[in-house]
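**Q** coordinates only, sequence not included:
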């Protein structure tokens, strides 16, 4: 099992593409790596792309909510992109409220949303 | 898997064995012929397609006998016959393995992608509760064949137990770590759900998911 998920920086955006089968230690590691990276250099947006995942349980979903909240406090907007219909249905039926993080259909929409924000601010 | 290439004679043997029992439409034939042992997801999808095809055209009661013949014809390379599974859960790695085992078994029972995700998510929640609260326990996956085909997940541990299980399930209790959310969630997505737990007596959860044939 891998023990770290890489965080890519593209200008002022952080991009995390989650390809691995997530487990709790990996999720915690990712959360702390993201915060360290934001502390090192601020970012306007953070995209967590989960299109390769076929399971997202409530623990991990809550961890994403917490990550988004912490990033928000550090001035960064978080978007979770690429959730499969199967995960969306499962989380919803389980009673998990997805209000805790912003979502986008795919990576491209997430990046578009973050760059539109740019235009709005100008 | 293990990076080994599939013998090129396996797909034709599989098609022939399947054809001896039910007619094989071109799409399924193509799916079998393009089989690659490297790709776990492809194998799971194929297993699910075959089971659904057999149950639609030969009847649910013929699924196991036909799958057995298919395994015999292909020397068990794909192990299509669904088998009960039991695993010890005591850390992160075992949680991931339990989840994968659940997806594989669900596929062998013909579950589609959404149902597979639900089953695996349920295993993930139950296995996590074991690791977090009891440290060690067991997950059993078993095939249910009464009127309908189903997959039963049983999670057992001899941990501290849950003091007020009704309150946890009704949502009146929220732990910082999310125990309540996970159990309630599993109850919401499973077709059958029972839990036995008391302080000092460990916890046993049983959740059953049935195959939805449309």
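**A** Great, that's in hand. Being a predicted model, the structure only gives us computed values, none of them experimental.
**Q** which residues touch the least confident helix or strand in chain B by mean pLDDT?
**A** None of the helices or strands of chain B scores lower by mean pLDDT, DSSP states H and E than helix B:165-170, at a mean of 83. Contact with helix B:165-170 is made by B:162, B:173, B:179, B:180, B:183, B:184, B:187, B:195, B:197, B:198, as judged by Cβ atoms under 8 Å, 6 or more residues apart in numbering or on different chains. Where C-beta positions appear, they are placed from N, C-alpha and C, glycine not excepted.
**Q** number of residues surrounding the closest residue to chain B within chain A?
**A** Nearest to chain B in chain A, going by Cβ to the nearest Cβ, is residue A:94, at a distance of 3.2 Å. Other residues near residue A:94 number 22, with proximity taken as other Cβ atoms under 10 Å in any protein chain shown.
**Q** just list the residues touching it, thanks.
**A** Neighbouring residues of residue A:94 by Cβ under 8 Å, 6+ apart: A:58, B:121, B:181, B:184, B:185, B:186, B:188, B:189.
**Q** using JSON lines, lay out those together with distance to residue A:113 and secondary structure.
**A** Shown next, in JSON lines, are the contacts of residue A:94 (distance: Cβ to Cβ, whole Å; DSSP: H, G, I helix; E, B strand; the rest coil):
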{"residue": "A:58", "distance to residue A:113": "25", "secondary structure": "helix"}
{"residue": "B:121", "distance to residue A:113": "27", "secondary structure": "helix"}
{"residue": "B:181", "distance to residue A:113": "28", "secondary structure": "helix"}
{"residue": "B:184", "distance to residue A:113": "32", "secondary structure": "helix"}
{"residue": "B:185", "distance to residue A:113": "28", "secondary structure": "helix"}
{"residue": "B:186", "distance to residue A:113": "33", "secondary structure": "helix"}
{"residue": "B:188", "distance to residue A:113": "30", "secondary structure": "helix"}
{"residue": "B:189", "distance to residue A:113": "30", "secondary structure": "helix"}
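**Q** ok, and the most crowded of the residues you listed?
**A** residue B:121 (29 neighbours).
**Q** that one and residue A:59 touch, don't they?
**A** No: counting by Cβ atoms under 8 Å, residue B:121 does not reach residue A:59; the two are 10.2 Å apart.
**Q** give the residues shared as contacts by those two.
**A** Between them, residue B:121 and residue A:59 share no contacting residue, judged by Cβ under 8 Å, 6+ apart.
**Q** tell me, how many residues neighbour residue B:166?
**A** Neighbour tally, residue B:166, other Cβ under 10 Å: 10.
**Q** please apply the same query to residue B:94.
**A** 19.
**Q** surely it is in a strand?
**A** No: counting by DSSP: H, G, I helix; E, B strand; the rest coil, residue B:94 is not found in a strand; it is helix.
**Q** my read: it touches residue B:124, true?
**A** No: judged on Cβ under 8 Å, residue B:94 makes no contact with residue B:124 at a distance of 11.6 Å.
**Q** enumerate every residue touching residue A:27.
**A** Per Cβ under 8 Å, 6+ apart, neighbours of residue A:27: A:59, A:60, A:63.
**Q** OK, contacts around the residue of chain B found nearest chain A?
**A** Closest residue of chain B to chain A, Cβ to the nearest Cβ: residue B:185 (3.2 Å). Listed by Cβ under 8 Å, 6+ apart, the contact set of residue B:185 reads A:58, A:94, A:95, A:96, B:121, B:122, B:125.
**Q** buried ones in stretch B:180-199?
**A** B:180-190, B:193, B:195, B:197 (16 or more other Cβ atoms under 10 Å in any protein chain shown).
**Q** picking that back up, dump the contacts of helix B:165-170 into JSON lines; add secondary structure as well.
**A** Below are these laid out as JSON lines (three-state DSSP):
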{"residue": "B:162", "secondary structure": "coil"}
{"residue": "B:173", "secondary structure": "coil"}
{"residue": "B:179", "secondary structure": "helix"}
{"residue": "B:180", "secondary structure": "helix"}
{"residue": "B:183", "secondary structure": "helix"}
{"residue": "B:184", "secondary structure": "helix"}
{"residue": "B:187", "secondary structure": "helix"}
{"residue": "B:195", "secondary structure": "strand"}
{"residue": "B:197", "secondary structure": "strand"}
{"residue": "B:198", "secondary structure": "coil"}
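**Q** show me where chain B has its helices.
**A** B:10-19, B:26-33, B:40-57, B:63-73, B:92-108, B:113-129, B:165-170, B:179-189 (DSSP state H).
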